[in-house]
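Enquirer: Compute the structure for the input listed below.
(one chain, ligands or ions: 1)
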Amino acid sequence: MSIQFVWNERYSVGNPEIDQQHKRMFELANSLPEVASSQDVRPLVLRLFKYTREHFSCEEEMMRSIGYPLVAEHVALHEGLIGKLCKVSEQPLGGGDDVLKFKEFVYAWLVDHIMTEDNKYFQFVSGQSDSASDKAGSDDVM
Ligand SMILES: [Fe+2]
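Expert: Numbers count the residues shown, from 1 in each chain. This next block holds a predicted model:
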């Protein structure tokens, strides 16, 4: 058994910078070998963990900068995954099966998070820019 994180355009949130970061997370997760010894895997888990933390900070900064009302809930979800990644990067993984289970967990978490929570945020952003342009449009009429 093996798992590959495969990018799908359905995962796009419509923001190229964030899409790129999500793709990079997929790549880093794909780099975890499912047959290697635990010593080989831990630095790679750590690399994924660090990148994920940076990516989440970037998203959270964007959310705070526009006053996204659900930022606290979103940050709590990020912290949940960070806690899990931190735990996994501190303990040796037992072997290929452990890595596989870990990757399955991260894949399911990421896809679900991108498709629901990240999308919710970017829909909010596009709703805001729509109402800003509506306003601009109505100013033109007046
Ligand atoms: Fe997020």
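Enquirer: helix, strand or coil for the nearest residue to N119 once chain neighbours are set aside?
Expert: Counting by CB to CB, 6 or more residues apart in numbering, V13 is the residue found nearest to N119 once chain neighbours are left out, at 5.9 Å. Backbone N, C-alpha and C define where each C-beta goes, glycine included. Following DSSP: H, G, I helix; E, B strand; the rest coil, the label given to V13 is coil.
Enquirer: Repeat that for P69.
Expert: P69 - assigned by three-state DSSP - is coil.
Enquirer: shouldn't P92 be in contact with R42?
Expert: Yes. P92 lies in contact with R42 (CB atoms under 8 Å); the separation is 6.5 Å.
Enquirer: Looking at those two now, which is surrounded by more residues?
Expert: Taking other CB atoms under 10 Å, P92 and R42 do not tie; R42 has more neighbours (18 against 12).
Enquirer: so what's V41 up against?
Expert: When contacts are counted by CB atoms under 8 Å, 6 or more residues apart in numbering, V41 touches L32, P33, L93, V99.
Enquirer: and the first one, what helix or strand is that in?
Expert: Under DSSP states H and E, no helix or strand contains L32.
Enquirer: Next, count neighbours for it.
Expert: 22.
Enquirer: buried ones in stretch 122-137?
Expert: F122, V125 (16 or more other CB atoms under 10 Å).
Enquirer: Just the CA trace of that stretch, in PDB.
Expert: The C-alpha coordinates for stretch 122-137 follow below in PDB (Å, rounded to 0.1, in the frame of the first residue of the first chain):
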ATOM      1  CA  PHE A 122     -11.800  32.900   0.300                       C
ATOM      2  CA  GLN A 123     -15.500  33.000  -0.400                       C
ATOM      3  CA  PHE A 124     -15.800  35.600   2.300                       C
ATOM      4  CA  VAL A 125     -12.900  37.500   0.600                       C
ATOM      5  CA  SER A 126     -14.600  37.400  -2.800                       C
ATOM      6  CA  GLY A 127     -17.900  38.400  -1.200                       C
ATOM      7  CA  GLN A 128     -16.200  41.400   0.300                       C
ATOM      8  CA  SER A 129     -14.600  42.500  -3.000                       C
ATOM      9  CA  ASP A 130     -18.000  42.000  -4.800                       C
ATOM     10  CA  SER A 131     -19.700  44.300  -2.300                       C
ATOM     11  CA  ALA A 132     -16.800  46.800  -2.700                       C
ATOM     12  CA  SER A 133     -17.300  46.800  -6.500                       C
ATOM     13  CA  ASP A 134     -21.100  47.000  -6.100                       C
ATOM     14  CA  LYS A 135     -20.500  50.100  -4.000                       C
ATOM     15  CA  ALA A 136     -18.100  51.500  -6.500                       C
ATOM     16  CA  GLY A 137     -20.700  50.800  -9.200                       C
END
